Structure formats: structure tokens, C-alpha cells
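Student: okay, sequence plus prediction incoming.
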Amino acid sequence: MSGGGGPDEPWAFLRRHTAARIALGRAGDGLPTAPLLRFQAAWAEARDSLKSSLDAEALAARLAPLGLPVETVRSQAADGAEYLKRPDLGRRLHPDDAARLAPGRWDAVFVVADGLSVRAVESHAAPLLEAVLKRLGGWSVGPLVVAQRARVALADDVGAALGAAMTVILIGERPGLSSPDSLGAYLTWAPQRGRPNSDRNCLSNIRPEGLAIDAAAFKLAWLMAEARRLTLTGVGLKDAAPDLIPGGAEPPPALG
């Protein structure tokens with residue numbers, strides 16, 4: 001079977017509907033040249049995304065127009081290599097940075113973290129935050145925290161240090177061969193060290209080709225309101241948010 005994707009190729013119509021690598025065809029006992037080159041390019045993109053370093057100060061400057069104070073912190077992983085080898089260190093806030101976070105009384109604190117895809121954070125975190133904050137009228141939102149070499153659970157240390165009722169961490173997800181820029185959002189009520197993942201809610205694949213920014217912001221704000229109403233996140237908080245109607249009025253959020 002040919003992999004050229006021309007108008008007479010019988011599987012071309014399926015490939016128009018998915019980014020998955022299906023019906024690539026063959027040339028002898030290997031792939032045709034075009035899909036092989038596309039695979040190698042996607043592999044390079046994923047590796048580049050994984051190995052890139054976050055410029056925390058530059059990202060903090062981009063987030064400043066949102067109107068919240070911005071803090072930059074690090075995990076206990078000393079560098080990118082240790083971060084990949086020691087996930088446990090990426091879950092712990094560097095003690096020097098923890099000492100700089102002044103406790104307050106916040107309904108929510110947002111953490112923006114590099115995770116496993118700097119590209120995702122640099123591309124999607126600012127517009128997602130802007131869209132979410134517009135939906136949080138009346139909330140007391142603490143400083144934005146930009147975290148380097150962070151895993152999801154780092155937000156527990158940040159939230160505990162800042163006295164937040166809830167943390168939301170926006171973090172780059174593990175890059176795939178068709179999604180090197182996928183952003184995840186994790187909610188945790190009453191953050192503290194030792195929280196299991198079953199105490200969190202997650203929105204995944206936030207990017208133009210996945211869960212669009214407006215839809216993600218609406219769903220995230222809905223989950224945050226429900227978390228505050230029920231005083232919990234995790235398996236006890238079900239995602240029953242109504243669908244966002246494109247171009248129409250938004251359904252009312254749950255009462256906080």
C-alpha cells in the first residue's frame with residue numbers, strides 16, 4: 001500500500017481525522033520516505049521539548065500583566081538530568097525558596113511549572129491563566145508561582161507555604177510523537193505534603209489540537225468552584241461540567 005496520501009490512496013480520508021500514525025503504507029519491508037521523515041521530525045520535536053530549559057524570569061515577565069505578584073521557585077532537583085532521574089526531588093520545594101513564600105489566606109494559588117514540556121508551558125500557560133482568572137470574580141487568588149524542574153506534587157509544598165485552600169498547577173505533560181506541547185492542569189484541595197494523586201483532579205491535553213483554551217478555562221473554573229463548595233478534590237469530585245457552547249453564552253458555574 002502506498003503511503004503518499006494522494007487522492008486515490010484508500011486510507012487518506014482516515015488520516016484527515018486523526019494525528020495518529022495509521023495506514024502509513026510500506027516500501028519493501030520498511031516505511032515510505034515521507035512518513036518516515038515525519039516520524040523522525042516528531043521524535044526530534046519530542047526530545048527537544050523534553051530537554052529544553054525553562055527561562056523562569058522571562059515567563060514571570062510574560063505573566064506579570066495578569067495583575068498578580070509573581071514568584072519564581074525551584075524544586076530540589078539540581079539540574080535537568082537529576083530532575084529526570086529523581087522524580088521525588090521534583091516534588092519537593094527547595095528550602096531556600098520555601099522560606100521566601102509568605103503565608104496568607106488565599107482561596108487558590110496557581111503554579112506554572114515546566115514539567116516535561118517547556119514548550120507547552122511557554123505556549124499555553126499565559127492564555128489559559130488569563131481565561132481562567134476572568135471566571136474567578138470574587139476569589140482571593142494568591143501570587144502566581146513559576147516553578148523550575150517541578151513535578152505535580154510540588155504544588156503541595158507551595159500551597160502549604162502560602163496558606164492556600166487550593167492549588168492549581170499548570171504543567172507541561174510528557175511529550176508524545178503527535179503532542180509535544182500538551183499542558184496539564186491539576187487541582188488539589190487543602191494542599192500539603194503527602195497528598196496522594198487520588199486527591200487531585202486533572203485536565204489533560206490542553207492545546208489547540210486537543211482541549212482548547214476556552215473550553216479548558218471554563219471546565220477548570222467549574223471544577224474549582226465545585227471543589228470550594230464541596231471542600232474536596234480527587235475521586236470525590238466528579239467532572240459534571242456542562243459543555244461550553246462555542247460562540248454562545250456560558251452555562252452558569254457552580255456556586256462557590
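Tutor: Sure thing, it's come through. Numbering: from 1, shown residues only.
Student: where does the prediction get shaky in the stretch 151-256 of the chain?
Tutor: Across the stretch 151-256 of the chain, residues meeting the criterion (pLDDT under 70) sit at 244-256.
Student: for it, what spans make up the strands?
Tutor: Counting by DSSP state E, counting those that start in this stretch, the segments of the stretch 151-256 of the chain that form strands are 166-172, 183-189, 200-206.
Student: I'd like these as TSV, with distance to K51 appended.
Tutor: (Glycine included, C-beta is placed from N, CA and C.) Converted to TSV, the strands of the stretch 151-256 of the chain look like this (distance: least, C-beta to C-beta, whole Å):
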stretch	distance to K51
strand 166-172	12
strand 183-189	18
strand 200-206	21
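Student: mean neighbour count, those strands: which tops it?
Tutor: Mean neighbour counts were compared across the strands of the stretch 151-256 of the chain using mean count of other C-beta atoms under 10 Å; the top stretch is strand 166-172, at a mean of 27.
Student: so which elements touch that one?
Tutor: Identification of packing neighbours for strand 166-172 by 3 or more C-beta pairs under 8 Å, 6 or more residues apart in numbering; DSSP states H and E yields strand 109-113, helix 118-133, helix 154-162, strand 183-189, helix 213-230.
Student: got those as a markdown table, with distance to R62 columns?
Tutor: Output for the helices and strands packed on strand 166-172, formatted as a markdown table (distance: least, C-beta to C-beta, whole Å):
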| stretch | distance to R62 |
| --- | --- |
| strand 109-113 | 10 |
| helix 118-133 | 5 |
| helix 154-162 | 19 |
| strand 183-189 | 15 |
| helix 213-230 | 15 |
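Student: relative to S75, which of those is closest?
Tutor: Among these, helix 154-162 comes nearest to S75, with 5.6 Å by C-beta to C-beta.
Student: check which residues of the closest one are buried.
Tutor: Taking 16 or more other C-beta atoms under 10 Å as the neighbour-count basis, helix 154-162 is seen to contain the buried residues L154, A155, D156, D157, V158, G159, A160, A161, L162.
Student: what sits against the third one?
Tutor: The contact partners of D156, taken as C-beta atoms under 8 Å, 6 or more residues apart in numbering, are R91, T167, T188, P191, Q192, R193, G194, R195.
Student: before we move on, what about the last one?
Tutor: By C-beta under 8 Å, 6+ apart, L162 lies in contact with L101, A102, P103, G104, W106, V109, G142, P143, V145.
Student: any idea which of the helices and strands packed on strand 166-172 gets closest to D79?
Tutor: Minimum separation from D79 across the helices and strands packed on strand 166-172 (C-beta to C-beta) falls at helix 118-133, 14.3 Å.
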